[in-house]
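Undergrad: below: sequence and its predicted model.
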Amino acid sequence: MFRKIDRTNTFNDVLKQIIEQIQTGELKPGDALPAERILAEELGISRPALREVLKALSLLGITVSVHGGANYIATDLSSCLTGPLSIIFQMYNSKIQDAVSLRGALEAKAAYLAAQNCSQLDAAELQLIIAKLDSTDDETLRSDLDRDLHFKIAQIADNPLIFSVMNASSQLTENMIVGIRSHFMQKDEDSPEIDSQHTRLVAAITTNNPSLAEQIMSEHMQTIERLLKEITE
C-alpha cells in the first residue's frame with residue numbers, strides 16, 4: 001500500500017503518500033492506517049520515526065490516534081486547519097477580533113461565489129433554513145441553524161480552501177468564547193437585525209446577485225464584530 005521513502009525527508013514523504021491515497025480514494029475519512037509495525041516496514045523507517053510523523057499528522061488534524069495505538073484518517077478533514085491556526089493565533093498574541101475579521105473576509109467572498117453558483121436545490125435548502133430560523137425561539141436550535149446557514153453558503157461557494165480556513169477560524173472563535181454563537185442568536189434586541197441580514201443575504205444568493213450577497217455578508221459580519229466587541233470590552 002505504501003512505498004519505501006527517502007529517510008532524509010521522512011515527514012514530507014509520508015505526508016505526500018497519505019495525501020495521494022486520500023486523493024485517489026484508497027484512503028477515505030475514517031479509514032484505519034495499517035498497524036504501526038506493518039506501516040513502518042512498508043515505508044522502510046523505524047517505528048520511533050513513524051510515531052513522530054504520526055504525532056505531527058495528528059497535530060495537523062489529518063490523522064486521529066485512539067486508545068490502543070490505532071491511527072485513522074480524520075473523519076472531518078475540513079477541520080484540519082483548526083489546530084495550526086490556533087498555534088499561529090497564540091504565537092502572535094492575537095485577539096479574538098482578529099479571528100472574526102479573518103472569518104468575515106472569507107465569508108464575504110464565499111457569499112459572492114455562492115451567489116454565482118446557487119442552484120434551485122441550493123436555494124430551496126437555504127430558504128428552508130431561514131424558515132426554521134423564523135419559526136423558533138430556542139437559542140440552541142437557532143445557533144445550530146445559523147451554523148448550518150453559513151456552512152451551506154460556504155459549500156455552495158465550492159472553494160475548499162475558503163471553506164477549510166473559514167471553518168477553522170469559526171471554530172477558533174467558538175473555542176475561545178463558549179456559546180458565543182448561541183448568545184448572538186438569542187431572540188433579543190439584536191435578533192431582528194441579524195435575522196433581517198440573514199433573510200436579505202439568502203435572497204441575494206438565491207437570485208444570483210454576487211455583489212449584493214457580498215455586501216450583505218460584509219454588513220452581517222461587521223454586526224457580529226460590533227456585538228462581540230460589546231461583550232468582550
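TA: That came through, no problem. Just so it is clear, the model here is predicted, and its values are computed rather than measured.
Undergrad: any idea how far the residue nearest the centre of the chain is from Gly179?
TA: For the chain, Asn167 is the residue whose C-alpha lies nearest the centre (CA atoms, centre = their mean; 2.0 Å). Distance of Asn167 to Gly179, given as CB to CB, to the nearest Å: 18 Å. Bear in mind the C-beta positions are built from the backbone N, C-alpha and C, glycine included.
Undergrad: identify the residues contacting the least confident helix or strand in the chain by mean pLDDT?
TA: Least confident element among the helices and strands of the chain, by mean pLDDT, DSSP states H and E: helix 180-184 (a mean of 78). The contact list for helix 180-184 (CB atoms under 8 Å, 6 or more residues apart in numbering) reads 139-140, 142-143, 146-147, 173-174, 190, 194, 224, 227-228, 231.
Undergrad: pick the one among these closest to Leu54.
TA: Glu174 (27.6 Å; CB to CB).
Undergrad: what backbone torsions are found at that closest one?
TA: phi -70, psi -30 (degrees, to the nearest 10).
Undergrad: excluding covalently adjacent residues, which one is nearest to it?
TA: Ile180 (5.8 Å; CB to CB, 6 or more residues apart in numbering).
Undergrad: next SSE after the least confident helix or strand of the chain?
TA: helix 191-206 (DSSP states H and E).
Undergrad: tell me who's in contact with Arg142.
TA: With CB under 8 Å, 6+ apart, Arg142 has these contacts: Leu133, Thr136, Ser182, Met185, Gln186, Lys187.
Undergrad: TSV for these, including neighbour count and distance to Ile162?
TA: Shown next, in TSV, are those (neighbours: other CB atoms under 10 Å; distance: CB to CB, whole Å):
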residue	neighbour count	distance to Ile162
Leu133	21	23
Thr136	14	29
Ser182	17	25
Met185	25	23
Gln186	14	28
Lys187	13	30
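Undergrad: nearest to Cys80, of these?
TA: Ser182 (25.4 Å).
Undergrad: that closest one and Asp188: what is the separation?
TA: 12 Å.
Undergrad: before we move on, what about Cys80?
TA: 36 Å.
Undergrad: just Leu113 next, same as before
TA: From Leu113 to Asp188 the distance is 32 Å (CB to CB).
Undergrad: who has more neighbours, those two?
TA: Leu113 (20 against 10; other CB atoms under 10 Å).
Undergrad: residue contacts, the more buried one?
TA: So Leu113 contacts Ile156, Ala157, Asp158, Asn159, Ile162, Pro210 (CB under 8 Å, 6+ apart).
Undergrad: for burial, what's the neighbour tally of the fourth one?
TA: It refers to Asn159. Asn159: 18 neighbours (other CB under 10 Å).
Undergrad: so it versus Leu57, what's the distance?
TA: 24 Å.
Undergrad: go on, the last one?
TA: Plainly put, Pro210 is 37 Å away from Leu57 if you go by CB to CB.
Undergrad: of the two, who's got more company?
TA: Per other CB under 10 Å, whichever of Pro210 and Leu57 has more neighbours is Leu57, with 22 against 17.
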